[in-house]
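In: Fold the stuff below for me.
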Amino acid sequence: MSDQTIARTIRGFCAAYGVGQTTTYDLIKRGILETRKAGMRTLITEASARAWFESLSAAYSPAYRRPPTVSDGQRRRAKEKIGNSQRYQQTAKAGEGQRGG
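Out: Modelled structure (predicted):
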């Protein structure tokens, strides 16, 4: 017998494909994933799982997430921090010349 998987449990499918149970049951309900019953256990055919996975790049794309925006307050604090460090450096340089030996 070959080592190739022909079916997965719901939990096994979720772990293998990185999706949650809610998404998995939704895909089953919509007829995208093909299932078989073995007693009480629901099995998802590997062929339908692979077909769904291969369709993701073309038909299914995750929601676009905008990069985090910087608020005016964050921008102002960043400028103040830079300004303070520059003033410190200028003060330190001025102080070096005053130190006598």
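
In: quick one: low-confidence parts of the chain?
Out: Regions of the chain meeting the criterion pLDDT under 70 cover residues 1-3, 57-68, 70, 85-88, 90-101.

In: can you give me the strands for it?
Out: 7-9, 35-38, 41-45 (DSSP state E).

In: Mind listing the strands the first one pairs with, and their directions?
Out: Next to strand 7-9 in the sheet, as set by DSSP bridges, lie strand 41-45 (antiparallel).

In: List the buried residues of the partner strand.
Out: Buried residues in strand 41-45, defined by neighbour count with 16 or more other CB atoms under 10 Å: Thr42, Leu43, Ile44, Thr45. All C-beta spots, glycine's among them, are computed from the backbone N, C-alpha and C.

In: What count of nearby residues applies to the nearest residue to the first one once chain neighbours are set aside?
Out: Right, Thr42. Residue nearest to Thr42 in three dimensions, not counting chain neighbours: Thr35, with 5.3 Å by CB to CB, 6 or more residues apart in numbering. Residues lying near Thr35 (other CB atoms under 10 Å) number 15.

In: In contact with Thr35, which residues?
Out: Ile28, Thr42, Leu43, Ile44, Thr45 (CB atoms under 8 Å, 6 or more residues apart in numbering).

In: in the sheet, who's paired with it?
Out: With DSSP bridges as the criterion, the beta-bridge partners of Thr35 are Ile44.

In: For Glu80, see how far away it is.
Out: 60 Å (CB to CB, to the nearest Å).

In: Please enumerate the helices of the protein.
Out: 10-17, 21-29, 46-59, 72-98 (DSSP state H).
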